[in-house]
Structures are given as C-alpha cells and as structure tokens.
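> turn this into a model:
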Amino acid sequence: MRLLIISSLLILLSACSTTRQDPPVPVSASFVQHNDEEQMNNLAIYAMSLYETPYQYGGKSRVNGFDCSGFVQYVFQNSLGVQLPRTSAEMGRLGKPLTAAQLKPGDLVFFNTTRKRNSHVGIFIGENRFVHSPKTGKAIMITSLNDEYWSTHFNGARRIVSNP
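Predicted coordinates:
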C-alpha cells in the first residue's frame, strides 16, 4: 500500500514539472528568492526518494540514517544547494510563516513532540501529507497532517524558498 502511495505521489509531482533543469542556487541565507514550483516539486520528489532510510539520532547521511532535521537539511542541500541550520528549532526561525491552507510542496512543517516548539520538522509534499524521519526504530515515511497525533502536535509551517 505504501509503495502504491509513493508511486502515485511521484507520478503526480513529476507530471507537474517540465524537463527544464536549473542549477541549484548555493546559499546560506534564511530565505532564497526565485525558485519556482518545479524546483519545489523536485525537492519533494527527492525527499520521497529517501523513503525507508532508517532513523538515526543525530544522523545526517543516507548511509547511516537521518534524524528529522538532518533529513531536511540533507534534502535542501542536495536538491537545491541550500544550506539550512542543523536543528529543527533553528529552521523554525527561517523563511516566511504559513498557515496550513498556504502549504505547497517543499514547505517545512513543524511539530511540538517534546514539549518544545519546533522539536520536529518534515517536508510538505502535497495532498495534506508530509515526509519525515520520525523516531528511533522507524524510517523516513509519508504521513498525513490529519493523523491525530500529528494534527494535535502541529505548531506551524515555514516557506524557506519563495515561489515568485
């Protein structure tokens, strides 16, 4: 079932993009201008391609696994050349705040999972779903924002890359 969901999302997102390839824009600023919807769809597809990579506390590599912020940092660096801070709390201070209704693929979604604001982060992929590295014993997965646990722990979203 999960493979069917991932395949469907990949097809949907790739159908939205064209074959034009822009080089990544390397930056270390908190807000990147002039990235289009295609680039953000490609970022979401790249994030989903890491599906089932194991969780590793402090992890930031495909080989050894990822924690939530290491995963997000890795995806932005390897898909757009954008260097994000290492922790979800630091990421939560970047970019433009969004409401749930404003979410687009590539936006960051934040959760309070340890009684601390922005203690968990994932990447929104569309259709009210996000991809994230949840916890020890789990792997990168796609989850619905409507899931009872995640909806009650949701505490905001940010757009790191602006769409013109």
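> what ranges do the strands span in this structure?
Ranges of strands in the chain, per DSSP state E, are 60-61, 65-66, 96-98, 108-111, 120-126, 129-132, 141-144, 154-159.
> for the first one, packing partners?
With contacts taken as 3 or more C-beta pairs under 8 Å, 6 or more residues apart in numbering; DSSP states H and E, strand 60-61 sits against helix 68-80. Every residue, glycine included, has its C-beta placed from N, CA and C.
> try the third one
Helices and strands touching strand 96-98, by 3+ C-beta pairs under 8 Å, 6+ apart, are strand 154-159.
> centre of the chain to the strand it packs on, how far?
Relative to the centre of its chain, strand 154-159 is centred 11 Å away, using C-alpha atoms, centre = their mean, to the nearest Å.
> please apply the same query to stretch 127-144.
The answer for stretch 127-144 is 10 Å, by C-alpha atoms, centre = their mean.
> got the buried residues for that stretch?
R129, F130, V131, H132, S133, P134, I140, M141, I142, T143 (16 or more other C-beta atoms under 10 Å).
> residues contacting the second one?
When you say that, I think you mean F130. Residues in contact with F130, defined by C-beta atoms under 8 Å, 6 or more residues apart in numbering, are V109, G122, I123, F124, I142, T143, L145, W150.
> one more time with 10 Å, if that's ok
44, 47, 103, 105, 107-109, 111, 121-124, 141-145, 147, 150, 154, 157 (C-beta atoms under 10 Å, 6 or more residues apart in numbering).
> which of those count as buried?
Buried members of these, scored by 16+ other C-beta under 10 Å, are 44, 47, 103, 105, 107-109, 111, 121-124, 141-143, 145, 150, 154, 157.
> quick check: closest non-adjacent residue to the most centrally placed residue in the chain.
Centroid check for the chain by C-alpha atoms, centre = their mean gives I123 as the closest residue, at 1.9 Å. Of all residues not flanking I123 in the chain, A47 sits nearest, at 4.8 Å (C-beta to C-beta, 6 or more residues apart in numbering).
> and the gap between that neighbour and N78?
Using C-beta to C-beta, to the nearest Å, we find A47 at a distance of 10 Å from N78.
> swap in A101?
29 Å.
> those two: who's more crowded?
Neighbours were counted for A101 and for N78 using other C-beta atoms under 10 Å; N78 has more, 15 against 5.
> that one contacts Y46, correct?
Yes: here N78 reaches Y46: they are 6.8 Å apart, a contact under C-beta atoms under 10 Å.
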